[in-house]
Each structure stands twice: as structure tokens, then as C-alpha cells.
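Chemist: the sequence isn't on hand, but the structure is:
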């Protein structure tokens, strides 16, 4: 598949996320390829985040964690894996018909799109910092919009409300998991006095 195909799919994801999700689901990408792509994108995201952190260090008690790329890589990879499993399991528990590989392909694609946005944010941080902050905010809401539609297609709900419900529950599970992981790593979750 050409670069033009992937660019068109990225544009379609923004314009019509339900159709883009169905195209991704119909590709029937083998799960071993999906896992490789997920980890490659996670590595690229970590590299870009590390450069971003050098330009504008993360504030608060998590700055030490974000300052170590290997821990950041583990945190991002662990969070993504928890997200995939929780969206799949919560969707199935709520009557969805999605498959694990279906959820995985959609989350992988969202990470690819996130990588492109993260690269744009890094460039803007060096040239127009205000625009980089604006892009971060806008991209977060676009990501939520895409995620709701993608989950709806993955589980064949036919209801964005049910899809949003799955997301609320499935985001809480990884958040708790990450909090536990951070606690096990000895990272304080609150500021020091």
C-alpha cells in the first residue's frame, strides 16, 4: 500500500471516522504485525516525547519519570496494552461483538495518527510554542471523537452512547493500572511539600 493510501486514510479518519474504522477492520491485518507496529510506534512516540521534554520539561513529581526514556517507553507500552484489553473486554461485557484484533488494529492506527500529531507539536514547539499548545488541546478532542467512533465500529454497537460508556469504564481501568505501576516504581502521585 502506498503512502498516498495511508494519507487518504488519515484524512478519512478525521472526516468520516466510522468509514475509516470499517476499512481498517476489513484489512484483516495479522495480530503479530499489529503488535510489531504498536511497539514501533510506541518507540517513536517515546523518542519524540523525550525531545519534547528536553525543550519543555514536564512539571511536577512525574518529571523524573518522563526524563528517563526507558521508563517512559514501558509506561506508554503498558498503558496501550491495558487500553486495548480494557476496551475489548468492557465492550464484550456490554454486549459488543468486537474482536481483540479489531480493537488492536484501531488503537494501533490511532497511535500512528498520534505520532504524526506529536511530530507536528515538536516542530511547533521550536517555532510557534503557542500553536503547539493549541494543537495539543485540539488533537485531544479530535482523538476522543475518533475513539468513540472507532469503538462503536469495533463492537458494532450502533450507538455512540454505548461506545462512550465503554470508554469511560475502559479508561478508568488503565488509569488505575498506571497509578499502581507508578506506585510500584516509587513515583509519588502527589506533589511534595
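Modeler: That came in fine, so what should we check first? The shown structure was predicted, so the numbers you read here are calculated from the model rather than taken from an experiment.

Chemist: from here on, just use CA atoms for contacts and neighbour counts.
Modeler: Will do.

Chemist: what lies in contact with the helix or strand in which residue 11 is found?
Modeler: Assigned by DSSP states H and E, residue 11 belongs to helix 3-15. Here helix 3-15 makes contact (Cα atoms under 8 Å, 6 or more residues apart in numbering) with 19, 20, 21, 113, 142, 146.

Chemist: list the contacts of the nearest residue to the third one once chain neighbours are set aside.
Modeler: Once its chain neighbours are removed from consideration, residue 21 has its nearest residue in residue 150; the separation is 5.6 Å (Cα to Cα, 6 or more residues apart in numbering). By Cα under 8 Å, 6+ apart, residue 150 lies in contact with 17, 18, 21, 106.

Chemist: and if you look at residue 162?
Modeler: Residue 162 sits next to residue 152 when contact means Cα under 8 Å, 6+ apart.

Chemist: for residue 118, same thing?
Modeler: 45, 48, 49.

Chemist: now swap in residue 139 and tell me
Modeler: Listed by Cα under 8 Å, 6+ apart, the contact partners of residue 139 are residue 117.

Chemist: so for it, what's the pLDDT?
Modeler: In the predicted model, residue 139 carries a pLDDT score of 93.

Chemist: also the one 10 residues further on?
Modeler: What the model reports as pLDDT for residue 149 is 96.
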